[in-house]
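> following is a predicted model, sequence given first.
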Amino acid sequence: MTDSARAKSIAHYTEKRPDLAQQLAFFERLWSVQDEFADKAAAYTPAPLEDLERALRNHQTMFSLVEPTIPLDDYRGAVRAVAAVMTEAGLSEEQTAALGEVDLADAITAEALSGVLDGLDVFIQSIADAVDDDRFTTPLISFVLTEAMTPFLREPAKAAAAAAGKFDWLQWDSGLCPACGTPASSAIIRDEGELQGGRRWLSCPTCRTQWEYARIRCARCGTRTHTDLEYLYDEEDSAHRIHTCTACHGYTPVVFEREQLVVTVPEVEEVVMVPLEAVAAERGFTPLGDDRDEIPN
Ligand SMILES: [Zn+2]
Ligand SMILES: [Zn+2]
């Protein structure tokens, strides 16, 4: 996704949705910080096509074959930069003070960072334990650490997806990212090919990979039972919907590209769909559903 598409999308929604202007401005700052670190990503050579195909068919991520190197000093720099942006995010006074006073980057060791993609939750918890400051919530630490990781994973993910060539992502058959294993943050329904109603592509919040997934299926638990699946949306804006599942109580924000007024940039659309997510939450749905560790199959 080009920066100009992102800038156009942000401008479009800032005008159309003044209620979201502040959030969009915040994320624009965050994304430009990520862009500043992107050229510090280490060179990445993906596994050969044959190995990638075999791994994907066996539900193993592409990064499990060749893990990208995240340079410690640059990553620490990104963590500090993201934390600085977060101090202007309108968090509680306590959290803002903690972000200003405690250097999360200082708690990151080379040892913790190596193998980070094998267990992102373990890594985040190890930093939380090392910092040991009650003012930080785990979601806040998680947000800073993962957003700071994105610039170092985007290019390796792109290289891995390119190396996988024409692999049919429907065979990956999962709501987890085929590159890094993170659960999808949103989906796009695109009118492509002959298939009526379009095809669905999921998007990874961490490395920004997009992969195809069955259109009428829960991206969280994998159920295909139609009666469990529904769209929640505002009649005046049918381009943005939340796909809810009563089997696992999970949901996925979805953009219907055909009904869009601007080029679809997943990270921007995700900000636009936050108010709809709140409606889904009020109705008892959670982003990942009941069994977040289970790979759908
Ligand atoms: Zn990913
Ligand atoms: Zn489900």
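That came through, no problem. Ligands and ions are numbered 1, 2, ... in the order given.
> C-alpha only now, for contacts and for neighbours.
Noted.
> list the contacts of the residue in the stretch 1-150 of the chain positioned nearest to ligand 2.
Closest approach between the stretch 1-150 of the chain and ligand 2, counting by C-alpha to the ion: residue 59, at 18.6 Å. By C-alpha atoms under 8 Å, 6 or more residues apart in numbering, the contact set of residue 59 is residue 172.
> so how far is residue 175 from it?
Counting by C-alpha to C-alpha, to the nearest Å, the separation of residue 59 from residue 175 is 11 Å.
> does any part of stretch 113-132 sit near ligand 1?
No: judged by C-alpha under 5 Å from the ion, stretch 113-132 and ligand 1 are separated, with a smallest distance of 10.0 Å.
> which residues does that stretch contact?
Applying C-alpha under 8 Å, 6+ apart, the contact partners of stretch 113-132 are 63-64, 67, 69-70, 72, 102, 104, 107-108, 112, 136, 138, 141-142, 145, 180.
> and with 10 Å instead?
Stretch 113-132 has contacts (C-alpha atoms under 10 Å, 6 or more residues apart in numbering) with 63-64, 67-72, 75, 102-112, 134, 136-146, 180-182.
> pLDDT weak spots in the stretch 1-150 of the chain?
Applying pLDDT under 70 to the stretch 1-150 of the chain flags residues 1-2.
> for it, what lies in contact range of ligand 1?
So the stretch 1-150 of the chain never meets ligand 1 (C-alpha under 5 Å from the ion).
> strands of the stretch 1-150 of the chain, start to end?
Here the stretch 1-150 of the chain has no strands by DSSP state E, counting those that start in this stretch.
> coming back round to it: how close does the residue of the stretch 1-150 of the chain closest to ligand 2 sit to residue 203?
Applying C-alpha to C-alpha to residue 59 and residue 203 gives a distance of 17 Å.
> could you do residue 53 as well?
Applying C-alpha to C-alpha, the value for residue 53 to residue 203 is 20 Å.
> so residue 183 touches residue 177, yeah?
Yes: if you go by C-alpha atoms under 10 Å, residue 183 and residue 177 touch, sitting 6.0 Å apart.
> for the two, list the residues in contact with both.
Common neighbours of residue 183 and residue 177, using C-alpha under 10 Å, 6+ apart, are 202-206.
> neighbour-wise, which of the residues you listed leads?
Neighbour counts for the shared contacts of residue 183 and residue 177, by other C-alpha atoms under 10 Å, peak at residue 202, which reaches 29 neighbours.
> name the helix or strand for it, please.
Taking DSSP states H and E as the criterion, residue 202 maps to strand 199-203.
> that strand: what's the following helix or strand?
Strand 199-203 is succeeded, C-terminally, by strand 210-213 (DSSP H and E).
> return the residues in contact with residue 290.
Residue 290 makes contacts with 220-221, 247-250, as judged by C-alpha under 10 Å, 6+ apart.
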